[in-house]
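A.B. asks: Need coordinates for the following:
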Amino acid sequence: MTATATAHSALFESMSPPDGATITDSTPSASVTFSAPVTIQNLRIALPDGRTVEPVSRTRGAVTDFALPRPITPGTATITWQVAQPDGHVVTYTKTYVFDESALDERVGLWRDLIADALVAMRSALAAWR
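C.D. replies: The predicted model follows:
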């Protein structure tokens, strides 16, 4: 957080996954929670490959959910957003995630092996049927 928010009515409470977490391709979204309903502005994700995206987001009361970009590029991503307080003061938040595609590589390998095993079984069944 880049500003002192203790004097403001809507305080940042949490982020899920938490700040600094490692994100894999199986993590579809993230959320931020405040102590009171807020309107998040200028939500952006600076990706490891140098691109900046504005994710699709939805706010329900004090919680804002946002989609994480796909496909992921390994490295550190920076998420920033702003919240306008009732007194007009804008608080800027900055958090980071580490994108890791190695978990995706493991799943792809598992599926590849399962499909290969299924094809071998199907060929054996067809050979026995003939």
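A.B. asks: use CA for all of it now, contacts and neighbours both
C.D. replies: Will do.
A.B. asks: Low-confidence bits of this protein, can you list those?
C.D. replies: 1-10, 101-114 (pLDDT under 70).
A.B. asks: Sketch out the strands for it, chain order is fine.
C.D. replies: 12-16, 22-23, 29-34, 40-46, 52-53, 57-60, 63-67, 75-84, 90-99 (DSSP state E).
A.B. asks: Just want the angle from the third one to strand 63-67.
C.D. replies: If I follow you right, that is strand 29-34. With axes from the mean of the first three to the mean of the last three C-alpha atoms, to 10 degrees applied, the angle from strand 29-34 to strand 63-67 works out at 160 degrees.
A.B. asks: Strand 29-34 pairs with which strands?
C.D. replies: strand 12-16 (antiparallel), strand 63-67 (antiparallel) (DSSP bridges).
A.B. asks: Was I right to think Gln41 contacts Val83?
C.D. replies: Yes: at 6.1 Å, Gln41 counts as touching Val83 under the criterion of C-alpha atoms under 8 Å.
A.B. asks: hang on, the earlier thing: turn the strands of the chain into JSON lines, columns for mean neighbour count.
C.D. replies: JSON lines is the format used below for those (neighbours: other C-alpha atoms under 10 Å):
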{"stretch": "strand 12-16", "mean neighbour count": "15"}
{"stretch": "strand 22-23", "mean neighbour count": "20"}
{"stretch": "strand 29-34", "mean neighbour count": "18"}
{"stretch": "strand 40-46", "mean neighbour count": "17"}
{"stretch": "strand 52-53", "mean neighbour count": "14"}
{"stretch": "strand 57-60", "mean neighbour count": "14"}
{"stretch": "strand 63-67", "mean neighbour count": "18"}
{"stretch": "strand 75-84", "mean neighbour count": "18"}
{"stretch": "strand 90-99", "mean neighbour count": "17"}
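A.B. asks: Quick one: closest of these to Ala125.
C.D. replies: strand 22-23 (41.1 Å; C-alpha to C-alpha).
A.B. asks: sorry, back to before: let me have the strands paired with strand 29-34 in JSON lines, extended by distance to Thr27.
C.D. replies: Converted to JSON lines, the strands paired with strand 29-34 look like this (distance: least, C-alpha to C-alpha, whole Å):
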{"stretch": "strand 12-16", "distance to Thr27": "10"}
{"stretch": "strand 63-67", "distance to Thr27": "9"}
